[in-house]
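Asks: fold the following.
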Amino acid sequence: MPELPEVETVRRGLMPALEHARLSGLRLHRPNLRYAFPERFAEQLEGAEILRLERRAKYLLFHLDTQAVWVTHLGMTGRFQVTDIDGQSLALDGNYYHAVRPDPKHLHVQVLATKAGVTRLIDFYDPRRFGFMLLLRPDELYAQGWYKGLGLEPLSDALNADALHALFSTRRTPLKSLLMDQTLISGLGNIYVCEALWRAALSPDLPGERLSHAKAAELTLAVREVLEEAVAAGGSSISDFASASGELGYFQHRFRVYDREDEPCLRPGCGGTIARKTHSGRSTFYCPACQKG
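Replies: Sure thing, here's the model as predicted:
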């Protein structure tokens, strides 16, 4: 499933084409993704201008001049593709591993976006159809249980050493599970939590209440660094993820611990071996030798 860096990569890829663009000609190739599309979806988007494109946790929020918010969740395999009217993919700034062509049979949504006299085609593909799209007024959005329950945004100033220490200081739950609790910190997924804990030399089993303020500062920095590096790398392409230009991210080539069970730890001077265990049904990769904090 795309995690925060992948969704942020998509947002940044869509912004040049979609912010301040006017929408037209929406076409739905099926009646639903995970859920049915909103009633009169095409009609309500026709002629609307996208004022800004935001990300909250793993949700993309297209704020429209109609006072509505077009909400998109990529699910496990959802992806946008931006092309010119001749069908040529638009390149994004940055370095990517290689491009992939989406299968036309998984094309479910198409819309035209016109900005500064240039019209582009925005396609949405989703092979497994676990993604979804909603159209809500801001007050409706903020009232949604899945939205108002989201925790701190990890790439914002809200996540700092004081906040993290206060958040975990009364909890006996292991750090790995706490970091993946979306009601505490929103958008963190399994890959980047494993990587951040390794960088901070913290055991995934350490109870939150035993996290010192100093280590909370180190963990906060590790979370921010690994997310920002992943965004710069275009995310991690383990299966289906691709950016809005069709490029695969390459952060998976920088993993220090994730999916490296039985391989040597890459921390200089450690000499340990990466192990795997399970927290809340998810695989945790860590080094027992150096992640003891």
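Asks: in the protein, what secondary structure element scores lowest on mean pLDDT?
Replies: Counting by mean pLDDT, DSSP states H and E, the chain has its least confident helix or strand at strand 79-84, which shows a mean of 84.
Asks: any idea how far that one is from the chain center?
Replies: Offset of strand 79-84 from its chain centre (CA atoms, centre = their mean, to the nearest Å): 18 Å.
Asks: any idea which helix or strand comes after that strand?
Replies: strand 107-115 (DSSP states H and E).
Asks: what comes up buried for that next one?
Replies: Going by neighbour count (16 or more other CB atoms under 10 Å), the buried part of strand 107-115 is 107-109, 111-113, 115. C-betas here are computed from N, CA, C, even on glycine.
Asks: Cys287 contacts Gly271, correct?
Replies: No. Between Cys287 and Gly271 there is no contact under CB atoms under 8 Å: 9.6 Å.
Asks: the two: which is more packed in?
Replies: Counted by other CB atoms under 10 Å, Cys287 and Gly271 do not tie: Cys287 has more neighbours, with 25 against 11.
Asks: what do Cys287 and Gly271 both touch?
Replies: Counting by CB atoms under 8 Å, 6 or more residues apart in numbering, the shared contacts of Cys287 and Gly271 are Cys265.
Asks: how about the strands in this structure?
Replies: For the chain, strands defined by DSSP state E occupy the ranges 22-28, 50-56, 59-64, 69-73, 79-84, 107-115, 118-125, 132-136, 275-279, 282-286.
Asks: about what we covered before: mind giving me the packing neighbours of the least confident helix or strand of the chain?
Replies: Using 3 or more CB pairs under 8 Å, 6 or more residues apart in numbering; DSSP states H and E as the contact test, the elements touching strand 79-84 are helix 4-18, strand 118-125.
Asks: okay if I get those as JSON lines plus mean pLDDT, distance to Pro31 and mean neighbour count?
Replies: Shown next, in JSON lines, are the helices and strands packed on strand 79-84 (pLDDT from 0 to 100; distance: least, CB to CB, whole Å; neighbours: other CB atoms under 10 Å):
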{"stretch": "helix 4-18", "mean pLDDT": "87", "distance to Pro31": "24", "mean neighbour count": "23"}
{"stretch": "strand 118-125", "mean pLDDT": "91", "distance to Pro31": "14", "mean neighbour count": "18"}
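Asks: among the ones you listed, which is nearest Ala216?
Replies: When the helices and strands packed on strand 79-84 are compared for distance to Ala216 using CB to CB, the nearest one is helix 4-18, at 19.7 Å.
Asks: in terms of secondary structure, what does that closest one contact?
Replies: Applying 3+ CB pairs under 8 Å, 6+ apart, one finds that helix 4-18 contacts strand 50-56, strand 59-64, strand 79-84, strand 107-115, strand 118-125, helix 213-232.
Asks: kindly reformat the strands of the chain as a markdown table containing distance to Phe37.
Replies: Formatted as a markdown table, the strands of the chain follow (distance: least, CB to CB, whole Å):
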| stretch | distance to Phe37 |
| --- | --- |
| strand 22-28 | 6 |
| strand 50-56 | 18 |
| strand 59-64 | 15 |
| strand 69-73 | 11 |
| strand 79-84 | 16 |
| strand 107-115 | 8 |
| strand 118-125 | 11 |
| strand 132-136 | 6 |
| strand 275-279 | 36 |
| strand 282-286 | 31 |
